[in-house]
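**Q** just need the structure, nothing else, for what follows:
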Amino acid sequence: MINMPPLQFAQTNGIRMGYYEAGPKDDRPPLVLCHGWPEIAFSWRHQIEALSAAGIRVIAPDQRGYGATDRPGAVEDYDMEHLTGDLVGLLDHLNIDKAIFVGHDWGGFVVWQMPLRHIDRVAGVVGVNTPHLPRAPIDPIELFKQRFGEHMYIVQFQNPAREADRIFDSRVEQTFDAFMRKPAPRPAGAPAEQPVAGVGASPRLNLAFPQMIANYDARHDPRRPILSDEEKKVFVDTFTKTGFTGGINWYRNFSRNWQRSENLDHTVRVPSLMIMAENDAVLPPSSADGMEKLVPDLEKYLVRDSGHWTQQEQPEEVSAKLIEWRRRRFGWQ
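**A** You can find the predicted model right below:
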């Protein structure tokens, strides 16, 4: 049985945003849960239920380009100014002064930017798997090309022919069958993946995701799925309707975001929590090494036996940590 609050809508920053809300409206600061790629607010279903039952107000939007939210046509409409501005507008719609922003995967990049751009609206930040990093020394796309090659998925996403979009759009069920699984066990004695500084994933990984999906056959995949058939259907039905281009457009702003962040102070000056997943090969725990230099008020927490989809793989542990940290750092309001 899937429990989600009713879908609601907000006019924010020039778009209509779909969102879900639960918990007491007088609880503050609320938690705003920001999903990654390829996900939707439904990715936080376990946390919405657990946190609201604990008396904490939670808001989970389908972000720009995803699910029930508008999908503008221009690539530039998905840059970091727009993505953070959407969340400010959502707070305005709900008459919320400040919130704790929780982000997984791409949502993590967005929430770490919130205190850099909108500090007056941010009570705290939680990154799930995604660390806060210093600004790259060169254009990130050039960095990805140098370290991972032309077939690395983020590099492929820059191709204006949008072949990657077509591969995902034509293989929606294959995409979620392939992505939403527990990682394969490491052989005994094998070292954990180590990140390339400032990037995340090891160069040993196969990051040619479009080609991986094009050739994927679930019948030959020994990894355990993390979604029930009912849960997978929610993702498949949603992305069959919307396609993947809205979310991929976030990646098409890597260079633009880098260029436009030159004058930002990258220090995060709010209470922060970094939740790391032991077996995330793309964003391993070691990718968060040194974060304390940019995030002075930082706590780290390691979720063991979890790959990349942490809040869905180990939902009870993630929810319990969010509840404990929120109560300890912000009390009962």
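**Q** show me where this structure dips below the pLDDT cut-off.
**A** The model of the chain has pLDDT under 70 over residues 186-205, 332-333.
**Q** mind checking the longest helix of it?
**A** For the chain, the longest helix by residue count, based on DSSP state H, is helix 315-330.
**Q** report the buried residues of it.
**A** Residues 315, 317-319, 321-323, 325-326, 330 are the ones in helix 315-330 that count as buried (16 or more other C-beta atoms under 10 Å). Yep, even glycine has a C-beta here, placed from its N, CA and C like the rest.
**Q** does anything pack onto it? Which helices or strands?
**A** Applying 3 or more C-beta pairs under 8 Å, 6 or more residues apart in numbering; DSSP states H and E, one finds that helix 315-330 contacts helix 45-53, strand 99-104, strand 122-128, strand 272-277, strand 298-303, helix 310-313.
**Q** winner for burial among these?
**A** Across the helices and strands packed on helix 315-330, averaging neighbours per residue (mean count of other C-beta atoms under 10 Å) puts strand 99-104 on top, at a mean of 28.
**Q** who's in contact with it?
**A** Strand 99-104 is contacted by residues 29-36, 39, 43, 47, 59, 87, 91, 109-112, 114, 121-130, 310-311, 322, 326, 330 when judged by C-beta atoms under 8 Å, 6 or more residues apart in numbering.
**Q** ok now do the residue nearest to residue 251 when sequence neighbours are not counted, which residues does it touch?
**A** Among residues not flanking residue 251 along the chain, residue 157 sits closest, at 4.3 Å (C-beta to C-beta, 6 or more residues apart in numbering). Counting by C-beta under 8 Å, 6+ apart, residue 157 makes contact with 164, 248, 251-252.
**Q** quick check on those: which are buried?
**A** Neighbour counting by 16+ other C-beta under 10 Å classes 164, 248, 251-252 among the contacts of residue 157 as buried.
**Q** buried sites along stretch 276-290?
**A** Buried residues in stretch 276-290, counting neighbours by 16+ other C-beta under 10 Å, are found at 276-288.
**Q** ok, stretch 225-235 next?
**A** 226-227, 231-232, 234-235.
**Q** keeping just the C-alphas, turn it into CSV.
**A** This file holds the C-alpha atoms of stretch 225-235, laid out as CSV (Å, rounded to 0.1, in the frame of the first residue of the first chain):
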residue,chain,number,x,y,z
PRO,A,225,15.4,-4.4,-7.1
ILE,A,226,14.5,-1.8,-4.4
LEU,A,227,11.0,-1.0,-5.8
SER,A,228,7.9,-3.1,-5.5
ASP,A,229,6.0,-3.6,-8.8
GLU,A,230,3.5,-1.0,-7.5
GLU,A,231,6.2,1.5,-6.7
LYS,A,232,8.0,1.0,-10.0
LYS,A,233,4.7,1.6,-11.9
VAL,A,234,4.5,5.1,-10.3
PHE,A,235,7.9,6.0,-11.8
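**Q** which residues touch it?
**A** For stretch 225-235, the external contacting residues (C-beta under 8 Å, 6+ apart) are 2, 38-40, 42, 45, 173, 176-177, 180-182, 309, 312-313.
**Q** if we use 10 Å, what do you get?
**A** 1-2, 4, 38-40, 42-43, 45, 67, 172-173, 175-177, 179-182, 218, 236, 306-309, 312-315 (C-beta atoms under 10 Å, 6 or more residues apart in numbering).
**Q** in helices, which of the residues you listed appear?
**A** Residues from these lying in helices, with DSSP H as the criterion: 45, 172-173, 175-177, 179, 236, 312-313, 315.
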